[in-house]
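Asks: Have a look at this prediction, sequence included:
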Amino acid sequence: MSTFSSIFGASNDISSWWLDKDNGDVDDDDPLKGDENERDCSIFVIDCNEKMFSDALPASVKPEQSSSSELSQAASQSECIFGSVCHAIQKSLRRSIIKSKDDLVCVVLFNVLGTVNALQLPHLLLFAKPDCPSAKLIKSVRDLPHTFHLERQSLKDGKECDFRDLLWLLQSIFSEIDVKGTKFGSKRAFIFTNNDAPSHKDGASTAAKAMDMLDAGMEITVFPLKAHFELKRFYDKICTFDLDEVTTESQLHAQCPSLNDLENSLRVREMKKRSVVSCPLQIGADWRMAVKFFCVFRRATKESPVWLDSRTNQPLTTATDWVCSATGAKVDNFEQQVRTYHEYGPSKHRVYFTRAEMNELKSFGAPSLTLMGFKPLARLKPYYQVKPAQFIYPDEPRCIGSTVAFNALVQAMASLQQFAVCRYIARKNSGPRFVALVAQKEAKGVPNGMQMIFLPFADDIRKVEVKGQEDMKRCQPMDNAQHAILMNKCKNLIDRLVPTRYRDMADGEMEDEFPCNPVLQKHYDALEALALEQVDDAEHGGKQKQNPDHNQNSQDDNDDNDECMQDAFVDEIEPDQEEMEKIAAQELAELLAALDACDDIDDAKEAESKPKNSRKRAAADSGTGTKRKAQKKKSTDNPSSNAESLDWKKLAENDELNNLKVKDLKVYLSENSLKMTGRKAELVDRIKGHLGL
């Protein structure tokens, strides 16, 4: 027990065993840095043998074409394998330039006539050096099927390069950009080929080289691009497969991605789960363990604009200088000459604070997760979750023994049906939050860990007042069987209308594709149009031909193109009313029948409760009295009906606009798309200016 305690108890000073990443004092040699780095480095390796240009892509591996694709069905069927690969890589780069702009990508061609690489290995061409995705790279990959035979050639008569040389080149590229192996979270090479038995002089040395790359954190993935591609002939010893789980050829093919995966969601599916932050979980005064925090869902937003220099097109840097208001001179050593003070007492005595003291006052302590106590799970209400929860997992490399202690805590909390209340400080300068840790036991597709729910403040919980709520009838399923049937019908209707992807997520199976935000979709489409230049046909890979004799029709053509782009845009969030009624037709009919049954029962009860003989007769409403006055008042209070009948120019010429009400003035401003804010005099002047008076 003494040995176990020394692992966690060591010192009260967290910095003695914890690297403070917020301070930027992380060493480049830190072995944990590469695991937590979010940058990726991907190399697209394309086979350029003659059959890649002559053979068509088999239907079994052909990517699905969406209805909005600019490629026709006939053109997509006759496209060669090489063109399909370039098209898929182009679409992947267009996605990654938005999702992961800091990642590095590289393109290598092999089995080409010539040598362009740093190692001077034969028949290997470094088409694009490792760099961030850019519009220039996307254009070059898009045009590669059309420019390949103009600038270079494939090897003839079945000649091939040595595959071991290709692995040497890939390892050299990865090692050159990441010498210490800590800059990138993942390093992957994607090989596109239709040859399942490439040329290699020594199979054992080639497999050993691939194993060395895997040990260094370099993954190799193959895209089989022919109908009967046998992975066991060569690539099962080269690529990154879990051979303990796969034994047959079909299982090996299931581990290989397709071009459709590359175009849509390859990076999402294979992206390693990276922690947002890592900090100690403090239990008691001298006992702690290390945990990681993972953000399961994050809202997609527009990035902040970057200011560029108009001459060099380089990002601008901000420099702040302090100037004395009395002399106009630049203040040097600002931190020593300027102090912060607080007025105290009736005499307003100034109490001065140094910058270090101010930072100490603003700090609530080091980043940590401190246990405060436990509560029954029944006390944790669903509406407490005001923001997305985070997933917590032990950080074993940072503190040995954290996994054992964490699993014991999870098992105890799950068996006792308790949740932990903790104080959470994410960063040095962030305020504390109270959070709830809910145990999550391991199941199929669900890892063992904890869900951290941010508990709301008192101001976050508000009682929503619904007008007429007191007069509404409440369902009593425990007392009324008909009400229970009605609630079940409503649940069935809602379950039917929930998309399959969200039902799978509720069962623990994460879905990669989500509806696109229409605002972000339009924003990124506009950026892509600017970067790739709409005069180029991004899908066909060539420039549109322009006829100089039809310059007068260019504006009409642009208008037609804009209309086509608007027609092609699909808002995935807007509900489809007809489709919803079609999908849930049976559930909707059952719900309506249950409602009619409830209404019939209620009408029967009301009829029984009414007196049978009533001699009084309700007075007929002839449109006079209080109701008529209310209708008259309502018509006079409608500003739009009064404003439409006014002669605004005559009122302005006679200076009678001041006699009108502000809401009448705003009706005129709204109809003429004028600014409606300001005082009444400003509204009157704005109307006169619009009338030219």
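Replies: Arrived safely.

Asks: can you count the residues close to Ser325?
Replies: 6 (other CB atoms under 10 Å). Quick note: C-beta positions are derived from backbone N, CA and C, even for glycine.

Asks: where do the strands sit along the stretch 1-150 of the chain?
Replies: Taking DSSP state E, counting those that start in this stretch to define them, one finds strands in the stretch 1-150 of the chain at 40-47, 104-110, 124-131.

Asks: how about those strands, which one is nearest Arg233?
Replies: strand 40-47 (15.1 Å; CB to CB).

Asks: hmm, who's touching the closest one?
Replies: With CB atoms under 8 Å, 6 or more residues apart in numbering as the test, strand 40-47 has contacts from 52, 82, 85-86, 89, 100, 103-111, 130, 166, 170, 173-174, 177-178, 184-195, 267, 271.

Asks: picking up where we left off before, turn the strands of the stretch 1-150 of the chain into CSV, columns for mean pLDDT.
Replies: As requested, the strands of the stretch 1-150 of the chain are exported to CSV (pLDDT from 0 to 100):
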stretch, mean pLDDT
strand 40-47, 90
strand 104-110, 92
strand 124-131, 91
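
Asks: Of all those, which one is nearest Glu219?
Replies: strand 40-47 (9.7 Å).

Asks: Next, count neighbours for Phe229.
Replies: Count around Phe229 with other CB under 10 Å applied: 22.

Asks: Report the contact partners of it.
Replies: By CB under 8 Å, 6+ apart, the contact list for Phe229 reads 194, 196, 253.

Asks: mind checking pLDDT for the last one?
Replies: Which is His253. As summarised for this prediction, His253 has a pLDDT of 77.

Asks: quick check, Asp212 in a helix?
Replies: Yes - judged by DSSP: H, G, I helix; E, B strand; the rest coil, Asp212 forms part of a helix.

Asks: I'd like to know how far the closest residue to it other than its chain neighbours sits from Leu109.
Replies: Leaving out its chain neighbours, the residue that sits closest to Asp212 by CB to CB, 6 or more residues apart in numbering is Gln171, at 7.5 Å. Taking CB to CB, to the nearest Å as the measure, Gln171 and Leu109 are separated by 17 Å.

Asks: So if I had to pick from those two, which one is more boxed in?
Replies: Higher neighbour count among Gln171 and Leu109: Leu109, with 23 against 19, using other CB under 10 Å.

Asks: The more buried one reaches Leu125, doesn't it?
Replies: Yes - with contacts counted by CB atoms under 8 Å, Leu109 reaches Leu125, the gap being 4.4 Å.

Asks: List the residues that are in contact with both of those two.
Replies: Common neighbours of Leu109 and Leu125 (CB under 8 Å, 6+ apart) are Arg152.

Asks: for this structure, which residue is closest to the average position?
Replies: For the chain, the residue sitting closest to the mean C-alpha position, by CA atoms, centre = their mean, is Ala300 at 4.2 Å.

Asks: close enough to count as contact, it and Asn517?
Replies: Yes - in this structure, Ala300 is within contact of Asn517 by CB under 8 Å, at 6.1 Å.

Asks: that older thread, quick check, pLDDT for the residue nearest to the centre of the chain.
Replies: Per the predicted model, pLDDT is 72 at Ala300.

Asks: And Gln566, by the same measure?
Replies: On the pLDDT scale, Gln566 gets 45.

Asks: now do Gly158
Replies: 82.

Asks: before we move on, what SS does it have?
Replies: coil.

Asks: where's it relative to Ile485, distance?
Replies: Counting by CB to CB, the gap from Gly158 to Ile485 is 73 Å.

Asks: Which of those two has more residues huddled nearby?
Replies: Ile485 (17 against 9).

Asks: so what's that one up against?
Replies: By CB under 8 Å, 6+ apart, the residues touching Ile485 are 594, 597.

Asks: For Ala597, see how far away it is.
Replies: In terms of CB to CB, Ile485 sits 8 Å off from Ala597.

Asks: Please verify my assumption that Ser154 contacts Glu50.
Replies: Yes - with contact defined as CB under 8 Å, Ser154 reaches Glu50; the gap is 5.2 Å.

Asks: Between those two, point out the one with more neighbours.
Replies: Using other CB under 10 Å as the criterion, Ser154 and Glu50 rank with Ser154 on top: 21 against 15.

Asks: what sits against that one?
Replies: So Ser154 contacts 48-50, 52-53, 111-113 (CB under 8 Å, 6+ apart).

Asks: Leu651 now?
Replies: Applying CB under 8 Å, 6+ apart, the residues near Leu651 are 657, 660.

Asks: Distance check, it against Ser250.
Replies: 83 Å.

Asks: Could you do Val464 as well?
Replies: 55 Å.

Asks: And these two? Which one has more around it.
Replies: Ser250 (9 against 5).

Asks: centre of the chain versus stretch 479-487, how much separation?
Replies: 41 Å (CA atoms, centre = their mean, to the nearest Å).

Asks: which parts of that stretch are buried?
Replies: 483, 485-486 (16 or more other CB atoms under 10 Å).

Asks: Next step: these restricted to strands.
Replies: Assignment to strands by DSSP state E places none of these there.

Asks: I'd like these laid out as TSV, including distance to Gln385 and pLDDT.
Replies: Converted to TSV, these look like this (distance: CB to CB, whole Å; pLDDT from 0 to 100):
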residue	distance to Gln385	pLDDT
His483	28	82
Ile485	30	88
Leu486	28	86
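
Asks: For stretch 656-674, C-alpha coordinates in CSV please.
Replies: This file holds the C-alpha atoms of stretch 656-674, laid out as CSV (Å, rounded to 0.1, in the frame of the first residue of the first chain):
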residue,chain,number,x,y,z
GLU,A,656,-47.9,67.5,-39.6
LEU,A,657,-45.7,64.4,-39.3
ASN,A,658,-45.0,65.2,-35.7
ASN,A,659,-48.7,64.7,-35.0
LEU,A,660,-48.5,61.0,-36.0
LYS,A,661,-47.5,58.2,-33.6
VAL,A,662,-44.1,56.6,-33.7
LYS,A,663,-45.6,53.3,-34.8
ASP,A,664,-47.2,55.0,-37.8
LEU,A,665,-43.9,56.5,-38.8
LYS,A,666,-42.1,53.2,-38.5
VAL,A,667,-44.7,51.6,-40.9
TYR,A,668,-43.6,54.1,-43.6
LEU,A,669,-39.9,53.5,-42.9
SER,A,670,-40.4,49.7,-43.0
GLU,A,671,-42.3,49.8,-46.3
ASN,A,672,-39.5,51.9,-47.9
SER,A,673,-36.6,49.8,-46.3
LEU,A,674,-35.4,52.7,-44.2
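
Asks: Could you pull up the mean pLDDT of it?
Replies: Mean predicted confidence for stretch 656-674 is 83.

Asks: What residues sit buried inside that stretch?
Replies: Result for stretch 656-674 [16+ other CB under 10 Å]: buried residues 657, 660, 664-669.

Asks: For stretch 201-212, buried residues please.
Replies: Within stretch 201-212, judged by 16+ other CB under 10 Å, the buried ones are 206-207, 209-210.

Asks: Tabulate those (JSON lines), appending distance to Glu579.
Replies: Putting the buried residues of stretch 201-212 into JSON lines (distance: CB to CB, whole Å) gives the following:
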{"residue": "Thr206", "distance to Glu579": "53"}
{"residue": "Ala207", "distance to Glu579": "52"}
{"residue": "Lys209", "distance to Glu579": "54"}
{"residue": "Ala210", "distance to Glu579": "49"}
